[in-house]
Structures are given as structure tokens and as C-alpha cells.
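Enquirer: generate a structure from the sequence data that follows.
(2 chains)
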Amino acid sequence: MKRLLKGGHLVDPLQGIDAVRDVLLDGDRVAAVGLDLPVGKDVEVIAVPSGCILCPGFVDMHVHLREPGQEHKETIATGTAAAAAGGFTGVACMPNTQPVNDSASVTRAILERAALEGAVRVYPIGAVSKGMKGESLAEIAELRAAGCVAVSDDGNPVPTALLMRRALEYAGMFNMPVIDHCEDPSLKGEGVAHDGYIAAMLGLRGIPATAESIMVERDIALAEMTGSAVHIAHLSTRQALRAVWAAKARGVRVTCEVAPHHFVLTDERLTGPISYDTNLKMNPPLRERADVDGILQGFTAGTIDAIATDHAPHQADEKHVEFDRAPFGIIGLETAVSLTLDRLVHTGVITLRRMVQLMSVNPCRILNVPGGTLRPERPADITIIALSAKVTVDLSKSRSRSRNSPFGGWTLKGGVVATIVGGKTVYVNEEIPGAAAFGAAVARA
Amino acid sequence: MNPETTDATPSLPTGTDDQPIPANRLRSKDLVGIAELSVEEISLILDTAVAMKEIASRPIKKVPALRGKTVVNLFFEASTRTRTSFEIAEKRLSADTLNIAAGTSSVVKGETLADTVHNIEAMSPDLLVVRHSSSGACHFLSRICRAGVINAGDGMHEHPTQALLDAFTIRERKQRLAGLKVAICGDLLHSRVLRSNVLLLTKMGADVWLCGPPTLVPTGFARSGVHITSSVDEAVEGADAVMMLRIQLERMLGGYFPSLREYFNVFGMTPERVRRAKPDVLIMHPGPMNRGVEIASEVADGPYSVILDQVANGVAVRMAVLYLLSGGAEHEAVA
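Expert: Got it, this is the predicted structure:
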């Protein structure tokens, strides 16, 4: 079965294309890319609506699918459905499940479930240490063989420099990145909000910016020492960004991601309109204005490699409590593309081409997974977006099993039109005129 | 009576039906913090408290202003002085009061704060007086409750009635707040009394100096328009009022300073240090005091100490808050 996406604007940095191109799909692969491709027999022609941009599929490299173990918050089925609706054709899922993904059997169970119920591709991230306890290395070779694309102890920073050194050395053997949640536990203490004037006035215990940057500096030093690749998860401070910038300049194998809430919101939001809103509680916390400004500069300067959501579903009951008792984290899969278009592309901070690098090319490169381009023979994973679409975030329609987002009711410019994974349309945004051209969404499995 | 604010002083109901409606009232059904109050509202509460204080000098210390109103004192954290002060205030206004302490509530059985409060609300209280160890707990409750919520201390955030009674005490002695130098010394980081006082005093135009070890100064606090120093002498120099904040033993164990002895040597309020202040300085403390830690006994018991006045004024200020939030004046007028 061949499908021809005709007349769309293709942004594919790896092919150097930012122009109108036809894209011919043959089954689950891209067959050809070109101008005015001939329409052969048995080809379904999809006239791409005007204003739609075709991009190599976006990959969110930091997602919590909660399955196995916390299916009341999210499942592989609901999480990947949310990913599809958010324009992601693949997600990398963190190992903080119950049980922890620290063994090949858990990895296989996740992949089997994803093959049955997943709307998009699922790339498991294995634990660095057994039980994510920070004591001894998990069976990283077996995790790799079972399908893990990286290792991370997720919310637990790798506690000692020695363990981090060994993880980098050992994972380096398979060219797997070690993803670290960088935070010095002693400086974090019992903190729940960014350590600054806002937290001071609100009486919230602070997490200083230095808690992040001090461990980013440590990890950079160890990556430099071992020659292995380290990836900094959800970077949130200007100090950490400076450290990454300097390390890159001297050739250290360090990459970093930023979550949309860290370039859209500041800690001042904690004062209202909903004061102490637990949907503003995440780790790292919302930082101060100077950090957001620094991050915007980091996008312009090219220091930031990826936009990743840190999609962290929690049930409403769990968040309907006192601020310091609420769990950290917000969902983000379905709002990331619109927030990025509205706050980074339309404001001129980055180009569309750079957005595709941040959301597709670089995540695929860092995780060594297929994708990041629509070259012939590559997987037919395509994210279709519309720059001028007006999107109002309606959490009641979220595909996620949880609703913990501070962006409900926000109106943003730009959104996802459709998502194609392996040649199959897995999401169509029916609110966008013409989107129906991509056909009805079907189950990928 | 402060001449600047006399105009705003409302009449108090004395039990008759022909009470004038006060010109001003509070905008919110809640008192969650000083941050939410305007200068006019602060003045209104302080002026109302002047009239309330008079009730304490009567042989029959009771007015019917809150007759038929139910006030629940919901204390999720231990408190003797604040709870007692609220309870006396409620009783002097003829409210029906109920005390719930966390130890006796369902919280220990794992019930959430929201569920606990919804259960209490089902019994139609008019006001909830809440103390909780989590900052922002009263904001959270004010959003989910029909009843008015009065913050009796939330975590490290605010203790608005304490700041109001402190301001009342200063104003009673100095006839004003604007332009006074007020020094606040002690554990600034963990103190909700501090935050409410900084907000109130800066709103009212006082010159606020904070003093404590740098380990106990909240990050970025200078932005609130105060002076911060680690020199007690500098803070106290020429001060009109000196407020001491309690130093808890846990802070020493938490490594914020090496020992209580050293703390007293460097930061304790001694008679020598007080001499740098104005001759008629007011010495204040929200209690409970640690004699020999943050304050020397000679100072606490000295001629300029108004520490017990603060306690007495606490009842009057809380009566004023309860009265204004219960819609007392409006209600009386309708009846």
C-alpha cells in the first residue's frame, strides 16, 4: 500500500530541505521525496492541506508511562495515545516503574505491551543501578540486548561520582548515553520550589539552582574523563546551561534537554492566579525569570539539544493536597508542540528547522534510534503541524489517564495536525480544517 | 486613637438593632495572609480592634456580634497561645466554637486535608480558623471551602493575626507605624511571623531591619524592601521597636549555627545591645520565648517589654478579624 503526501511543506534538516515536497510512503517506509512525484497505480493520494508542515517524527526522550506498577496514573496505551495526539511518533520511557526497569524481563514486558497497545514507538530506558538505589550497576548489557536505548536512574541522581564514572565507562561500551537527573541531594534537602525570592515569601523550602549545576559540572568532568556520553535531563538553570556550553566548546560528549514548562513558566506563577497550585510543582522546579531568559538564549545559541517533556502523570487526588505533600511532576506530551511553536518559533527564538532538530533529529541521534529524517528507506514516521492553528488546551479531552497540567485553558498558536507512525495515521486533529485528509486514525498494532 | 485612621473606625454592635453599617469591610471571605490585604483593610482591622479591646475591660466581657455563628478552630499543628487567643476572642463575640486538634482528627487515619475539611463543612460552620504545618494550606482550603478561612499560621508562610497584633501593639504605643524603625531578629528563615510582619510593616511604611545568621536568612529576601544585616548592633541602632523571633533547638541540630551558647553571644538581645535603640524602644516577642537564647531575661522582663501586651492585644485583634469576616455588621443590620 502506497500513500503519497502531496504538496506539503517538508522541513527535514538532515536532507537540507525546507520547501514544498511530495513524500511517497511504501508500507512502513519512506519510498521517495521529491517535487511533483508521479502518481503511480495503487497510490492513495493525500492532498496536504495548505499551511501544514511535514516533519520527521518527533521523539520525546523523557516520558513516564507508569506501566508496570502505577497504571492508575498512566498506561502504555494511554501514554502513547497522548504522545500520538501530541505529535510524537516515539517516546523514551523512564525506568521508575514498579518494578524498576533494571532487568531484561521488565524491558521485554514493556516492549511486548507497547507492541500490542502502543500508538507510537516506545524506547525503554533502563536503570543505571539495581533498583535505582544508586549502589551497584544494573545489568546494562542485558538491558541493552533487550531493547533499552539509554540508562538513567531517573528522579534519583546518580549519587556518587564513582558510580557515575562506572556507569559512563560501562554504558560507553555500547555507545549508550547515561541520562542523569542532576541534583545534589544535600543542597536540595526537603525543597519543593526554586530557592529564590518567591519561595522565600511563600514559605516554601527551596531547591537552589546550584543543586543542579554542581552535579552537571560533576557529570561533565566524568564524561570528559571517560570519553563517554552523558545527557543532562530537564536542564532548568542558567548556571547549568553555562557549564554545558563550556563543556561542548572543549569537545566533551555532553547533551541536554529542556522541558517546555521550563521555558514557558517562572516561579512567579506560584503566587497566582492559583497560589500554591500543585500543578506547578515539578522537579526541577520552575525557576526564576533570569533562568528562563538564559534558556531562551541557550536555544538561540544552540547549546540545548532537545526539547523533552518529562511527562509525569499523577492522579487528581494525589495532587489535591497541600503543596509540600503533592508529588512532583506534570503531564506534557499533548502541549509540547503548541508551547514550542507559540513561545519559541512564533517569537523568533528558533526557526522551524531548529525545532525539528530539537524534537526529532537530536533525540534520535542521542538515543541512536531510527528516525530524525524522511530519507528514502527510513521509517515513515511523520509529524504534521500547522503553524497558524489556534489551539486551546482542553484537559478534559486529554488522552492521558491524568490531568495534572498547568496549561488547561491556554490558547496557543500552532499545533499538531496529524501523526503518522510506520506509515499509519495514529492521530488526526479533527479541529483543524483539512486534517481529515490524513484519514482516520488507526491502531498501529 | 490614630488620628490618620479615625474616619475608618466602624461602630461596634452592642446588641441593639439600629447599628450603622461600617463604611469599610474586608473584600475577601478569608484572611489567608497579609499579602492579600490592602493598606485600608489593615487599618480597618486595627481600628476595629481598638473598639474590641475595650470589651476586655468590661465586667461582662461579651458582645453578641457572632451569636449563632459557628467557628471551628482546626489545628493541625500544636498551639496553645494562638488557639487560646482565638477561642477567647470567639467566646467574647458569642460565637459557638469547636476545637479540633490534629491528634484527635481523622488525619491520623490517612484522610486527606480536603476530605477532613469537607466533612467539617458539611456541618455548616461559618468560619474556620486553621493552623497547618504546610505553607499554603490555608490558600488551598480557602479555594475549596464555602466558609471563611482564617490563617492561624501555615508552615513557614504567614501568621497574619500575629503581625496584626504586633502592629496594633506598636501603634497603640507610638500612634503610628509609618517611619518607625523596626528591627526583627532571630530565625528569619523558618518564621511565618517574620513574613507577615515584613509584609505588613513595609505596606504601612515602616523601616524594617532584619537580623540573623546568614544561614537563617531566606534567599532573595532583600527584594521585599527591607534591610538585612548580621549585626545586631546595626539592626537595633535607633530602633523604635525590636522584635525577637524564637530560635528552635532543631535549628541548631540542623546545622544552621554551632550552639545555642554561641547564638546568644552573637545574636542574643542583651541589655547592652538594647541601649543602642531609642530610649522608648518596644521589646516584642511572639512567644514562646527561649530565655538566654534569643533574649536575655533582663530584656524580656524589662521596662520596655510589651510582650504581655501583645498577648492581650491578640484577643482584640482576633475579635476584630472574626467580626469583620463573619459579615457581622451587615448581618446585624439586616436582622
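
Enquirer: contacting residues for A:Met201?
Expert: Contact partners of A:Met201, counting by Cβ atoms under 8 Å, 6 or more residues apart in numbering or on different chains, are A:271, B:35, B:195, B:218, B:221, B:224. Any C-beta I mention is one placed from the backbone N, CA and C, and that applies to glycine too.

Enquirer: the fifth one is in contact with B:Leu189, isn't it?
Expert: No - B:Phe221 sits out of contact with B:Leu189 when judged by Cβ atoms under 8 Å, with a separation of 9.1 Å.

Enquirer: all strands of chain B, in order?
Expert: Listed in chain order, the strands of chain B (DSSP state E) span B:70-75, B:96-101, B:127-132, B:148-154, B:181-185, B:207-211, B:227-229, B:241-244, B:282-284.

Enquirer: before we move on, the earlier item: give me the more crowded residue out of B:Phe221 and B:Leu189.
Expert: Counted by other Cβ atoms under 10 Å in any protein chain shown, B:Phe221 and B:Leu189 do not tie: B:Leu189 has more neighbours, with 23 against 19.

Enquirer: so for B:Ser106, what's the pLDDT?
Expert: What the model reports for B:Ser106 is a pLDDT of 60.

Enquirer: and what of B:Ser79?
Expert: Per-residue pLDDT puts B:Ser79 at 88.

Enquirer: who's in contact with it?
Expert: By Cβ under 8 Å, 6+ apart, the neighbours of B:Ser79 are B:131, B:152-153.

Enquirer: switch the cut-off to 10 Å
Expert: The contact partners of B:Ser79, by Cβ atoms under 10 Å, 6 or more residues apart in numbering or on different chains, come to B:73, B:85-86, B:101, B:131, B:152-153.

Enquirer: helix or strand: which one has A:Leu387?
Expert: Here A:Leu387, judged by DSSP states H and E, is contained in strand A:382-392.

Enquirer: next one: that strand to chain centre, how far?
Expert: Taking Cα atoms, centre = their mean, to the nearest Å, the mean C-alpha location of strand A:382-392 is offset from the chain mean by 18 Å.

Enquirer: list the buried residues in that strand.
Expert: For strand A:382-392, the neighbour count (16 or more other Cβ atoms under 10 Å in any protein chain shown) marks A:382-386, A:389, A:391 as buried.

Enquirer: now for these: which two are most distant?
Expert: The span of those, defined through Cβ to Cβ, is set by A:Ile382 and A:Val391 at 19.2 Å.

Enquirer: run through the helices of chain A in chain order.
Expert: All helices of chain A, identified by DSSP state H, fall at A:76-85, A:104-117, A:140-146, A:161-172, A:185-188, A:197-202, A:209-226, A:238-249, A:260-264, A:289-301, A:316-319, A:336-340, A:352-356, A:362-367.

Enquirer: ranking these by burial, who's on top?
Expert: Of all the helices of chain A, helix A:76-85 has the most neighbours on average by mean count of other Cβ atoms under 10 Å in any protein chain shown, namely a mean of 27.

Enquirer: ok and the residue in the stretch 251-400 of chain A nearest chain B?
Expert: Nearest to chain B, among the residues of the stretch 251-400 of chain A, is A:Tyr276, at 3.2 Å (Cβ to the nearest Cβ).

Enquirer: up against chain A, what does the stretch 51-200 of chain B have?
Expert: Counting by Cβ under 10 Å from any Cβ of the partner chain, the stretch 51-200 of chain B comes close to chain A at B:76, B:112-115, B:132-144, B:154-159, B:188-192, B:194-195, B:198-199.

Enquirer: redo that, cut-off 7 Å
Expert: Residues of the stretch 51-200 of chain B lying close to chain A (Cβ under 7 Å from any Cβ of the partner chain) are B:112-114, B:134-137, B:139-140, B:155-157, B:192, B:195.

Enquirer: let me have these in CSV, adding pLDDT, neighbour count and distance to B:Ala316 as columns.
Expert: Below are those laid out as CSV (pLDDT from 0 to 100; neighbours: other Cβ atoms under 10 Å in any protein chain shown; distance: Cβ to Cβ, whole Å):
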residue, pLDDT, neighbour count, distance to B:Ala316
B:Thr112, 91, 16, 35
B:Leu113, 92, 22, 30
B:Ala114, 94, 16, 33
B:Ser134, 95, 24, 29
B:Ser135, 97, 25, 27
B:Gly136, 97, 26, 28
B:Ala137, 97, 29, 26
B:His139, 97, 27, 26
B:Phe140, 97, 28, 29
B:Gly155, 95, 24, 26
B:Met156, 96, 24, 26
B:His157, 97, 27, 24
B:Arg192, 96, 23, 21
B:Arg195, 98, 27, 23
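
Enquirer: which of the residues you listed fall in helices?
Expert: Among those, the members falling in helices (DSSP H) are B:113-114, B:137, B:139-140, B:192, B:195.

Enquirer: farthest pair in those residues?
Expert: Spanning the widest gap among those are B:Ala114 and B:Arg195, at 24.6 Å by Cβ to Cβ.

Enquirer: lowest-pLDDT helix or strand in the chain?
Expert: No chain in the question, so chain A it is. Sorting the helices and strands of chain A by mean pLDDT, DSSP states H and E puts strand A:43-47 at the bottom, at a mean of 93.

Enquirer: can you look at chain B instead?
Expert: Least-confident helix or strand in chain B using mean pLDDT, DSSP H and E: helix B:328-334, a mean of 45.

Enquirer: taking the centroid of chain B, which residue is nearest it?
Expert: Nearest residue to the geometric centre of chain B (Cα atoms, centre = their mean): B:Gln162, 1.0 Å.

Enquirer: show me what contacts the closest residue to B:Arg318 other than its chain neighbours?
Expert: The shortest distance from B:Arg318 to any non-neighbouring residue, by Cβ to Cβ, 6 or more residues apart in numbering or on different chains, is to B:Ala89 (3.8 Å). Counting by Cβ atoms under 7 Å, 6 or more residues apart in numbering or on different chains, B:Ala89 makes contact with B:315, B:318-319, B:322.

Enquirer: so which of those belong to helices?
Expert: Taking DSSP H as the definition of helices, these contribute B:315, B:318-319, B:322.

Enquirer: surely A:Glu139 touches A:Ser103?
Expert: Yes - A:Glu139 lies in contact with A:Ser103 (Cβ atoms under 7 Å); the separation is 6.3 Å.

Enquirer: who has more neighbours, these two?
Expert: Set A:Glu139 next to A:Ser103 and count neighbours by other Cβ under 10 Å: A:Ser103 wins out with 19 against 15.

Enquirer: how much space between that one and A:Lys130?
Expert: Distance, A:Ser103 to A:Lys130, using Cβ to Cβ, to the nearest Å: 9 Å.

Enquirer: give the burial count for B:Pro125, as a bare number.
Expert: Neighbours of B:Pro125 under the rule other Cβ under 10 Å: 23.

Enquirer: point out where the stretch 101-250 of chain B drops to low pLDDT.
Expert: The model of the stretch 101-250 of chain B has pLDDT under 70 over residues B:103-108.
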